[in-house]
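Student: Prediction below, plus the sequence it came from.
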Protein chains: 2
Amino acid sequence: MRYELYYWPEIQGRGEFVRLALEEAGADYVDVARRRGGENKMFAFMQSARHKQLPFAPPFLKAGNLVIGQTTNILMFLGRRHGLAPSSEAGLLWAHQLELTIADFLVEIHDTHHPIGSGLYYEDQKRESKRRAQDFLKHRAPKFLGYFETVLARNKSGFLIGARLTTPDLSMFQIVEGLRYAFPRAMRRLERKHPRLVALHDRVAQRPRIKAYLQSEQRIPFNQMGIFRHYRELDG
Amino acid sequence: MRYELYYWPEIQGRGEFVRLALEEAGADYVDVARRRGGENKMFAFMQSARHKQLPFAPPFLKAGNLVIGQTTNILMFLGRRHGLAPSSEAGLLWAHQLELTIADFLVEIHDTHHPIGSGLYYEDQKRESKRRAQDFLKHRAPKFLGYFETVLARNKSGFLIGARLTTPDLSMFQIVEGLRYAFPRAMRRLERKHPRLVALHDRVAQRPRIKAYLQSEQRIPFNQMGIFRHYRELDG
């Protein structure tokens, strides 16, 4: 079965967390909106009056007859299907809990450049962004990064859960990668205090399928339209 | 088995979504931090160096040997155990997708009074709150409420999913109730456009166990420390 991923074609955004899981799984998938006419296909699906199970927003994944929305929900589904999640109920809940906390972190990262409204331009909320980014770098980023550093310290294997890679490891790789793009100055300082997270990032980057994907044209470069954006004035 | 819910004792907050599910299920639970010494017990658990599966923040639920963090994760677990979720994989994913979208909505509701930093006082971010609340009431609240109204319209049963009540119905009740407290003026206008959501709210409020709970002292009143706060200057 070929999965169909629906997400904005020009950014990594939330879709990237799904792409990384699909890539690590070696799954057969098509990134629909990046194909010719695909973005219209995505809009048509979202605007159709037929579907009872309407997604609120991309990303969503079609898997046979299933249409799954919400990034963390998709990751839970893929993790289970492709051996990227623990097999016990307790393990599945723990993996999902970590993904949900990463998703919370991601909202706060996004809001550093959009603290007032996601429909407004950054330029229309620059002053507020500066205050929010300061608070984020001083309080929130250390709190989240410190939490995941502790989880790694207690698990001891170098992965967040058990002895094998699971989807939260992939997602945390993306968070570190994105924070480096958005806040290079602040991250140089933060990384010194979170060596296990840096090591996890490097370990994920060396997975053969992830490595090949990152070097391919499939990997959209970070840019100023995505969730992770670099504005020098926000970087501490 | 008696569940142990750990959450801040003085607010409804995110814990309330869990309480509503426990109440509707008729589950045996103790609201630990509201007991004498219970808040210290919660802090002790979070600060203990023993647990590998550390919650990032309350609420978390102990269910036998399981410790489950993240509100939506807890609701997924309880929904399955207590017949408050669909039984098929597709149905479970859809119910969880709706809970996740409600959780996204809740973050945006919270951020109307804390757009700059969750560790700062409202009074230190009043100007920014006013801008954010305006954007929220004009764009975001109608988008979220309109989405759930559409889901109800397409499902036709009066519930969000299938023919029976599931956890997202309970959570949506709480959202409507909270928005009425926080934004009474704006909600009078918004409710006229979302009659199915209002009807769902009323239907949930009439469930015997929910009705009894809402009238009991167990139900903490809304207040100015929670997620839903009423500031007249933010109410449109």
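Tutor: Happy to help now that I have it.
Student: next SSE after the strand or helix carrying A:Tyr147?
Tutor: Using DSSP states H and E, A:Tyr147 maps to helix A:141-155. Per DSSP H and E, the first helix or strand lying C-terminal to helix A:141-155 is helix A:167-182.
Student: per-residue pLDDT, the residue positioned nearest the centre of chain A?
Tutor: By Cα atoms, centre = their mean, the mean C-alpha position of chain A lies nearest to A:Phe17, the distance being 3.8 Å. A:Phe17 carries a pLDDT value of 98.
Student: Quick one: distance of the helix holding A:Tyr147 to the chain centre.
Tutor: Its chain's average C-alpha position is 17 Å from that of helix A:141-155, according to Cα atoms, centre = their mean, to the nearest Å.
Student: Need the residues that contact that helix.
Tutor: A:98, A:101, A:104-105, A:108, A:158-162, A:172, A:179, A:183, A:186, A:190, A:193-197, A:200, B:49, B:51-52, B:54, B:56 (Cβ atoms under 8 Å, 6 or more residues apart in numbering or on different chains). C-beta here means a position set from N, CA and C on the backbone, and glycine is covered the same way.
Student: for stretch A:97-110, same thing?
Tutor: Residues outside stretch A:97-110 that contact it (Cβ under 8 Å, 6+ apart) are A:14, A:71-72, A:75-76, A:118, A:136, A:140, A:144, A:147-148, A:151, A:160-161, A:167-168, A:171-172, A:175, A:178-179, A:182, A:227-228, B:53, B:55-56, B:68-70, B:72-73, B:104, B:107.
Student: so where does A:Glu4 fall, helix or strand?
Tutor: Judged by DSSP H and E, A:Glu4 forms part of strand A:3-6.
Student: How about the contacts made by A:Gln224?
Tutor: A:His230.
Student: circling back to that earlier point, and the strand holding A:Glu4, which strands flank it?
Tutor: strand A:29-31 (parallel), strand A:60-63 (antiparallel) (DSSP bridges).
Student: Any buried residues in it, and which?
Tutor: Along strand A:3-6, these residues count as buried under the neighbour rule (16 or more other Cβ atoms under 10 Å in any protein chain shown): A:Tyr3, A:Glu4, A:Leu5, A:Tyr6.
Student: so which of these comes closest to B:Ser87?
Tutor: A:Tyr3 (24.2 Å; Cβ to Cβ).
Student: Which residue comes closest to the closest one once chain neighbours are left out?
Tutor: Distance criterion Cβ to Cβ, 6 or more residues apart in numbering or on different chains; nearest residue to A:Tyr3, sequence neighbours excluded, is A:Tyr29 at 3.9 Å.
Student: mind checking pLDDT for the one you found?
Tutor: Per-residue confidence (pLDDT) for A:Tyr29: 98.
Student: picking up where we left off before, widest-spaced pair of the buried residues of strand A:3-6?
Tutor: Between all members of the buried residues of strand A:3-6, the farthest pair (by Cβ to Cβ) comes out as A:Tyr3 and A:Tyr6, at 10.2 Å.
Student: ok, which stretches of chain A are helices?
Tutor: All helices of chain A, identified by DSSP state H, fall at A:15-25, A:38-47, A:71-81, A:89-111, A:126-135, A:141-155, A:167-182, A:184-192, A:195-205, A:208-215.
Student: show me what contacts the residue nearest to the centre of chain A?
Tutor: A:Thr71, A:Leu75, A:Leu170, A:Ser171, A:Gln174.
Student: give me the number of residues near the first one?
Tutor: Other residues within reach of A:Thr71 by the criterion other Cβ atoms under 10 Å in any protein chain shown amount to 27.
Student: How about the fourth one?
Tutor: Residue crowding around A:Ser171 was assessed by other Cβ under 10 Å; the count is 26.
Student: Including distance to chain B and pLDDT, could the contacts of A:Phe17 go into a markdown table?
Tutor: Output for the contacts of A:Phe17, formatted as a markdown table (distance: Cβ to the nearest Cβ, whole Å; pLDDT from 0 to 100):
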| residue | distance to chain B | pLDDT |
| --- | --- | --- |
| A:Thr71 | 9 | 98 |
| A:Leu75 | 11 | 98 |
| A:Leu170 | 18 | 99 |
| A:Ser171 | 14 | 99 |
| A:Gln174 | 18 | 98 |
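Student: From A:Pro9, how far out is A:Asn40?
Tutor: 11 Å (Cβ to Cβ, to the nearest Å).
Student: Looking at these two, which is more packed in?
Tutor: A:Pro9 (16 against 10).
Student: on that earlier part again, residues in contact with both of A:Tyr3 and A:Tyr6, list them for me.
Tutor: Residues touching both A:Tyr3 and A:Tyr6 (Cβ under 8 Å, 6+ apart): A:Leu61, A:Lys62.
Student: list the contacts for A:Ile116?
Tutor: A:Ile116 neighbours (Cβ under 8 Å, 6+ apart): A:Asp124, A:Gln125, A:Glu128, B:Pro115, B:Glu128, B:Arg131, B:Arg132, B:Asp135.
Student: Most neighbours among these, please name it.
Tutor: Among the contacts of A:Ile116, B:Pro115 has the most neighbours (other Cβ under 10 Å), with 29 neighbours.
Student: so who does the closest residue to it other than its chain neighbours touch?
Tutor: Spatial nearest neighbour of B:Pro115, chain neighbours left out: B:Arg132 (4.1 Å); criterion: Cβ to Cβ, 6+ apart. B:Arg132 makes contact with A:Pro115, A:Ile116, A:Gly117, B:Asp111, B:Thr112, B:Pro115, according to Cβ under 8 Å, 6+ apart.
Student: With A:Gly13 instead?
Tutor: Contacts of A:Gly13 by Cβ under 8 Å, 6+ apart are A:Tyr7, A:Pro59, A:Gly226, A:Ile227.
Student: Out of the helices of chain A, which gets nearest to B:Arg80?
Tutor: Taking Cβ to Cβ as the criterion, helix A:89-111 is the member of the helices of chain A that comes nearest to B:Arg80, at 9.5 Å.
Student: Helix A:167-182 and that closest one, what's the angle between them?
Tutor: Helix A:89-111 runs at 10 degrees relative to helix A:167-182, counting by axes from the mean of the first three to the mean of the last three Cα atoms, to 10 degrees.
Student: which of the residues in helix A:89-111 are buried?
Tutor: For helix A:89-111, using 16+ other Cβ under 10 Å, the buried residues are A:92-106, A:108-111.
Student: what about that helix, distance to the chain center?
Tutor: Relative to its chain's centre, helix A:89-111 lies at 10 Å (Cα atoms, centre = their mean).
Student: Next: stretch A:149-156.
Tutor: Using Cα atoms, centre = their mean, the offset of stretch A:149-156 from its chain centre is 20 Å.
Student: May I see the buried residues of it?
Tutor: A:Glu149, A:Thr150, A:Val151, A:Leu152, A:Asn155.
Student: how close does the first one sit to A:Ile161?
Tutor: Read that as A:Glu149. The gap separating A:Glu149 from A:Ile161 is 15 Å, by Cβ to Cβ.
Student: for the fourth one, same thing?
Tutor: From A:Leu152 across to A:Ile161, the span is 10 Å (Cβ to Cβ).
Student: rewinding a little: could I get the contacts of A:Phe17 as CSV with distance to B:Arg219?
Tutor: Compiled in CSV, the contacts of A:Phe17 are given as follows (distance: Cβ to Cβ, whole Å):
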residue, distance to B:Arg219
A:Thr71, 33
A:Leu75, 35
A:Leu170, 41
A:Ser171, 36
A:Gln174, 40
